[in-house]
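[1] After the sequence you'll find the predicted model.
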Amino acid sequence: MQGRRAGVVSRVMADAIDLAIVLATLVGVYVAVAATRFLLHPRQFTWPEPSSLNLITLGWLLLVAYLAIGWANTGRTFGKTILGLRVVGRDGDRLSLARALGRALVCAALPIGLFWCVVSAKNASIADLLARSCVVYDWEPRLPVVS
Amino acid sequence: MLGGGYTLSDGRGQRRRETDLPGEIGGIVSGKLGRQPERAQQEQRERDLPQEDPVGQTAREQTAGPGAILFERLGGEPDRDEAIPGLLEGLARPTFDLVRGPAGPCEPARPVRGSWRGSDIRCSGVLGSVRLTGRAPVLPPRFRDLATHRSILLGSAAVSDLAVEAAPVGRRRCYRGAQGWQRGTHRTMMGTPDHPRGHMDQQHAAPTDPSNVVPLRVAGELPLPLEELVEQALRIALGLVTLSADALSEVVAKTLGGQAPAEPGGAGGSAASLPLLAGAAMGLAVGVARWGARATTTVIRTGEIVFSPVTTSVPFRDGMRRLGAELGALDARWREERPREEDAAQAFVRLLVPQIAEAVLDQVDLNAIVAERVDVDRVVEGVDLDAVVARVDLDAVVARVDLDRILERVDLGAVVDRIPLDDVVAQIDVDDIVARVDLERVVDRIDVDAVAAKLDIEAVVRRLDLAAIAREVVDELDLPEIIRESMGSMTGETVGGIRVQSMNADRAISSLVDRLLRRSQADPDAETPD
């Protein structure tokens, strides 16, 4: 199964883990901002009350950065590492930073596009089609050579 | 007494020394007999020369050929009837055979025989119509004595008709048989049944050629042999008495617990009275001995002169001849009995000597004598130890050694205590020894089960400090690493399970979608990247 294109279940589970990590990071950022405010103005400390737009924007940016760095670096994020998946180009090589960033923007803007892989004969999501990439099973630490 | 002198010379015309005459075996020959034909001379030399005696070999070298030593009297008128027999008897008495008889068939007259230092004197001469011949296995101590003795006894003997030839013969004896002179035993000189005694012809009487004789003057008046003999005998007797007295006095002194008497005139001080008297007595005895010898000689000479009319008379001579014949018969009987007496004496001596030797050795401390008089170092230096060891059969020696008895007598504890074990161990290369040991073979030969059965494990465990050992073991272990490895293993198994299940779910959904969309499931492009 190594090197074959992953199905929707594995990819959803990996993306869920990544999303949880981003949310945890967002919470961490919130706590850090609150702690900073407490340290700066402990007597006037109040919990920060950001707007939803700001939170969504911050969360979206964190998600794009997290995904782009992971795919451009090793081809996998933490969720895909757990599930043994790797994002590669159609020729099997690692994605460039631009392609990874483009794929991350598409994924963050249109998460529903992931389910296109269910009906896709090649298990390709919308982002894969746009970024000309694919997600394969790769349990080994090193990216296998795709024939 | 005869006037004139005698010559001593050899056949080569060279004078010979008058001393050392026992080595210069020679003879006395007359000029007349010396002028015999060459054949007789050659035969005579062959008869006389020895074949075995080394002394005779020396003499043969000195008397070979015409160089035989001759002793010739010069001048004087001979008294042929009396001088030659007296000479012959005096020369060799009592150790030579004398055969006296007419020129025709020869009859033994007064055979007397003996030996002296392995030499032999052959005597022959012509006295008127009588030929005298004899063999005397004796040579006087000095040739000068021979000359003097002869001159005294001969009186006016016709030495020119006398031949006395000395030659070393060793054990060889000759007799005159039907085929001439032959070799035989001493006894055969008197005649044997197979070889009756014959007579000597004129040719055989010539011992050598006197043509090369060179006259040698001999000193005039010489001491009488009889006088010297008597004096020498007395000296010997006195010497023996002196030595015996000294030894006896020393033994007596030691027996009494005192010291031996000091030598007179020595460093020990003045002589004691008793030794002084003894020495004076011995000196007196020496003087008396000399005086007695001279007196005896004078008496004999006087007797010869006084009784010469009687001794030269025919009845006396006949009586002497008969007496000589009787003595000869007695002597022959003695000679026949002599071997048996000698054998008996030898047997007695063989039994007696060991007894005497044993008795003497019982009285002698040989160890003390050897320690005092034997230089052991010098003796050992003269011993070729390598040759001795080379002749020793070491294998046989070792085979005779009882090593068990030796080891039983060895105190191994004392031996080990004397060994510097630390130095010995320091010189041992343990690594080299261990490298040579085949441990696998050693271990294979060990019965591990038997060893384990003999071990008291519980006793060993009771003696262990398990708490300390546990603490040391825990300190040595990296438990966090072990926990991490365990957790990682568990996480890996969990993740693997999730991956497998998610993969199976992917395939299930993919199959479902394919069936719904009526797609072929065998599309390889759907499985691998482009």
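    The structure has been received and is ready for your questions. What you are looking at is a predicted structure, and each value in this text was computed from that prediction instead of being measured. Numbers count the residues shown, from 1 in each chain, chains lettered A, B, ... in the order given.

[2] From now on I want contacts and neighbour counts done on CA atoms only, so please keep to that.
    OK.

[3] Now do the strands in the chain.
    Just going to use chain A. A:85-89, A:133-137 (DSSP state E).

[4] hm, I was asking about chain B
    According to DSSP E, the strands that chain B contains are B:6-9, B:27-28, B:70-73, B:97-102, B:121-127, B:130-136, B:162-166, B:173-177, B:180-184.

[5] about what we covered before: out of the strands of chain A, flag the one nearest chain B.
    When the strands of chain A are ranked by distance to chain B, counting by Cα to the nearest Cα, first place goes to strand A:133-137 at 6.5 Å.

[6] just checking, what packs against the closest one?
    For strand A:133-137, the packing partners by 3 or more Cα pairs under 8 Å, 6 or more residues apart in numbering or on different chains; DSSP states H and E come out as strand A:85-89.

[7] and the strand it packs on, what's its mean pLDDT?
    Per-residue confidence for strand A:85-89 averages out to 91 on the pLDDT scale.

[8] Give me the residues contacting it.
    A:6, A:10-11, A:71, A:74-76, A:80, A:94-95, A:132-139, A:143, B:529 (Cα atoms under 8 Å, 6 or more residues apart in numbering or on different chains).

[9] Which ones among these lie within helices?
    Under the assignment DSSP state H, these contribute A:S10, A:R11, A:W71, A:K80 to helices.

[10] can you tell me how far B:G497 sits from B:R290?
    For B:G497, the distance to B:R290 (Cα to Cα, to the nearest Å) stands at 154 Å.

[11] Same question for A:I56.
    In this structure, A:I56 lies at 175 Å from B:R290, with Cα to Cα as the measure.

[12] neighbour count winner among those two?
    Between A:I56 and B:R290, B:R290 has the larger neighbour count (other Cα atoms under 10 Å in any protein chain shown), namely 19 against 13.

[13] Please read off the pLDDT at that one from the model.
    Per-residue confidence at B:R290 stands at 78 (pLDDT).

[14] what residues are up against it?
    Contacts for B:R290 were tallied using Cα under 8 Å, 6+ apart; they are B:E231.

[15] where does the stretch 151-300 of chain B dip in pLDDT?
    In the predicted model of the stretch 151-300 of chain B, residues B:151-227, B:258-275 satisfy pLDDT under 70.

[16] Could you do chain A as well?
    Flagging of chain A using pLDDT under 70 yields the residue ranges A:141-147.

[17] For it, what lies in contact range of chain B?
    A:3-10, A:82-84, A:89-92, A:118-119, A:121-123, A:134, A:136, A:146-147 (Cα under 8 Å from any Cα of the partner chain).

[18] can you rerun that using 7 Å?
    Residues of chain A lying near chain B by Cα under 7 Å from any Cα of the partner chain: A:3-5, A:7-10, A:82-84, A:90-92, A:118-119, A:121-123, A:134, A:146.

[19] Got phi/psi on B:R418?
    phi -90, psi -10 (degrees, to the nearest 10).

[20] Likewise for A:P50?
    phi -70, psi 160.

[21] can you count the residues close to it?
    For A:P50, the number of neighbouring residues by other Cα under 10 Å comes to 10.

[22] Also B:V310?
    Around B:V310 sit 13 other residues, with neighbours defined as other Cα under 10 Å.

[23] now do B:A247
    Other residues near B:A247 number 13, with proximity taken as other Cα under 10 Å.

[24] quick one: it and chain A, what's the gap?
    Distance, B:A247 to chain A, by Cα to the nearest Cα, to the nearest Å: 128 Å.

[25] And the residue of chain A that's closest to chain B?
    Closest point on chain A to chain B, by Cα to the nearest Cα, is A:K122, at 3.8 Å.

[26] quick one: that residue from B:Q501, how far?
    20 Å.

[27] Mind checking which of the two has more residues around it?
    Under the neighbour definition other Cα under 10 Å, A:K122 and B:Q501 were set side by side, and A:K122 has more, 22 against 15.

[28] How are the helices of the stretch 351-500 of chain B distributed by residue range?
    B:366-373, B:376-381, B:385-391, B:394-399, B:403-408, B:412-417, B:421-426, B:430-436, B:439-444, B:448-454, B:457-462, B:466-476, B:479-517 (DSSP state H, counting those that start in this stretch).
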